[in-house]
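> fold the stuff below for me.
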Amino acid sequence: MTLGEAFVPDSHAMATILIVDDTPTNLALMVELLRPHYRTRVATSGDRAIALTLDTNDPPDLILLDIMMPVVNGYDVCRRIKAEPRTRDIPIIFLSAMGAVEDETLGLELGGVDYVTKPIRPGIVLARVRTHLAMARQARERERLVARLEQQAGELSELNRTLEQRIADGVAQLERLSRLKRYFSPSVVDLMLSGGTEDPLKSHRREVAAAFVDLRGFTAFTETSDPEDVMQVMHQYHDAMGALVMSHGGTLEHFAGDGMMVYFNDPVEIDNPALVAVTMAIGMQARFAGLEQDWHRRGYSLSLGIGVALGFATIGAIGFEGRRDYGVIGNVTNLAARLCGEARGGQILVSQRVHGCVTDHVCSAPVGNMQLKGFANPVAVYAVSALPDAADTRDPTGPSR
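Below you'll find the predicted structure:
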């Protein structure tokens with residue numbers, strides 16, 4: 001294979017990756033890494049990269065872009081590509097030896113979707129390429145579906161103008177339902193849609209129990225494992241923990257990678273939310289033990305730490321028009337996260353207020369006063385676990401509805 005423009009023969013269904021670098025050895029390395037999975041095209045200069053992207057009817061699906069190149073650098077290439085409506089949505093991942101925060105910030109501000117510093121780690125590059133290709137495909141599919149819905153709505157409006165209004169109302173309801181189901185259990189969503197409770201996205205203040213859950217050893221695991229193995233473990237972890245969140249009526253505020261934040265007592269008030277949160281945490285550790293044994297046999301060293309706190313928070317929609325998320329703001333969230341950060345694998349750490357609400361229902365032991373980041377005074381911390389004769393970690397009464 002010669003350097004310059006080149007394609008790896010393969011199915012037209014495969015994504016095309018444009019690799020831009022003025023160093024032949026870097027190009028050869030990236031082509032060898034990517035060609036088992038994608039068609040590759042290479043450019044040894046910024047001018048050539050612009051031509052291969054703008055002056056063709058077959059632009060690449062993703063660009064891996066070096067920055068330090070003569071005449072036209074990577075930043076200028078990105079500016080040109082993002083200035084054209086036809087190519088501005090092509091994902092650009094910068095691959096550069098320039099590791100300063102200012103360099104990465106500029107790349108992302110210009111429209112890059114990611115920034116990887118050299119020397120590269122092949123597994124990380126492959127994982128990020130796959131992720132951004134998948135996100136780009138999903139974005140295109142969403143645009144196609146939106147365009148199709150708009151066309152159908154226009155056709156229906158000509159046949160029956162009253163039907164158009166009913167469709168608009170139905171779409172709005174489905175969109176609201178979709179947003180709510182990102183955070184709340186199905187039973188709670190049904191209650192809200194039936195008018196059984198107020199809109200949870202409206203800003204309000206309430207006492208909540210917050211549980212922060214996080215994997216131990218996850219970073220080391222991702223650095224030494226294939227992306228497929230990481231995704232399999234994540235699916236197992238999310239399925240197991242998500243089922244427990246839903247069964248206990250938890251509200252999922254934050255869910256990213258190996259960590260999640262779950263709240264109780266909003267939007268539906270329940271009795272003793274601290275006990276329900278701790279009961280869920282105990283169930284998570286019990287369920288995780290089975291996963292941990294299976295992963296250990298495959299050579300994965302992962303464990304689970306959980307922190308639970310109780311306090312008042314401001315709750316509601318945050319963001320801007322067209323992109324709003326459910327958010328919970330208050331010291332209770334920070335305390336739960338800090339307790340989780342201090343928890344060892346297999347441990348559940350709770351605040352003094354939580355301990356006072358659950359002490360008759362669980363085994364507990366004082367850990368001592370901890371100086372936690374963001375808190376001026378030491379915080380009394382307790383470790384909790386299931387009672388020795390507890391046959392079921394699920395609260396038999398369940399959260400009240």
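
> which parts of stretch 234-251 are buried?
237, 241, 244-245, 248-251 (16 or more other C-beta atoms under 10 Å). Every residue, glycine included, has its C-beta placed from N, CA and C.

> does Cys267 belong to a helix, a strand or coil?
Small correction: residue 267 is Pro, not Cys. Under DSSP: H, G, I helix; E, B strand; the rest coil, Pro267 falls in the coil class.

> pretty sure it is touching Thr251, no?
Yes: in this structure, Pro267 is within contact of Thr251 by C-beta atoms under 8 Å, at 7.1 Å.

> right, and Phe288 touches Leu244 too?
No: if you go by C-beta under 8 Å, Phe288 and Leu244 don't touch, sitting 9.7 Å apart.

> all strands of the protein, in order?
16-20, 39-43, 62-65, 92-96, 114-117, 204-216, 251-256, 259-264, 303-320, 323-329, 348-351, 363-370, 379-385 (DSSP state E).

> okay, stretch 143-151 in CSV with CA atoms only?
Extracted C-alpha coordinates of stretch 143-151, given in CSV (Å, rounded to 0.1, in the frame of the first residue of the first chain):
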residue,chain,number,x,y,z
GLU,A,143,-32.4,13.5,11.5
ARG,A,144,-33.9,11.0,8.9
LEU,A,145,-36.6,10.1,11.3
VAL,A,146,-37.4,13.7,12.1
ALA,A,147,-37.5,14.6,8.4
ARG,A,148,-39.8,11.6,7.8
LEU,A,149,-42.1,12.6,10.6
GLU,A,150,-42.3,16.2,9.3
GLN,A,151,-43.2,14.9,5.9
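
> look up how far Ala49 lies from Pro24.
15 Å (C-beta to C-beta, to the nearest Å).

> between those two, which is the more surrounded one?
The neighbour count for Pro24 versus Ala49, taken as other C-beta atoms under 10 Å, is higher for Ala49 (29 against 11).

> and that one, what is it in contact with?
By C-beta atoms under 8 Å, 6 or more residues apart in numbering, the contact set of Ala49 is 18, 20, 43, 63, 65, 77.

> count the neighbours of Tyr30 for me.
Small correction: residue 30 is Met, not Tyr. If we define neighbours as other C-beta under 10 Å, then Met30 has 23 of them.

> measure the closest residue to it other than its chain neighbours to Glu104 for me?
Nearest residue to Met30 in three dimensions, chain neighbours excluded: Ile19, at 4.7 Å (C-beta to C-beta, 6 or more residues apart in numbering). The gap separating Ile19 from Glu104 is 20 Å, by C-beta to C-beta.

> ok, those two, which is more surrounded?
Ile19 (26 against 18).

> on that earlier part again, can you tell me which of the strands of the chain has the worst average pLDDT?
Ranked by mean pLDDT, those end with strand 323-329 in last place, scoring a mean of 67.

> which residue packs closest to Ile17, ignoring adjacent ones?
Nearest non-adjacent residue to Ile17, counting by C-beta to C-beta, 6+ apart: Tyr38, 4.8 Å away.

> got the phi and psi for the one you found?
Main-chain dihedrals, Tyr38, degrees, to the nearest 10: phi -140, psi 160.

> what's the local residue count around it?
Neighbour number of Tyr38 under other C-beta under 10 Å is 22.

> isn't it right next to Leu18, touching?
No: with contact defined as C-beta under 8 Å, Tyr38 does not count as touching Leu18 (10.4 Å).

> re earlier: got the buried residues of stretch 234-251 as TSV, with distance to Arg128 columns?
Supplementary listing: those in TSV, determined by distance: C-beta to C-beta, whole Å:
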residue	distance to Arg128
Tyr237	21
Met241	25
Leu244	30
Val245	28
His248	35
Gly249	36
Gly250	31
Thr251	31
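
> the residue nearest the centre of the chain pairs with what?
Taking C-alpha atoms, centre = their mean, the centroid of the chain lies closest to Ala256, which sits 3.3 Å from it. With DSSP bridges applied, Ala256 shows beta-bridge pairing to Gly259.
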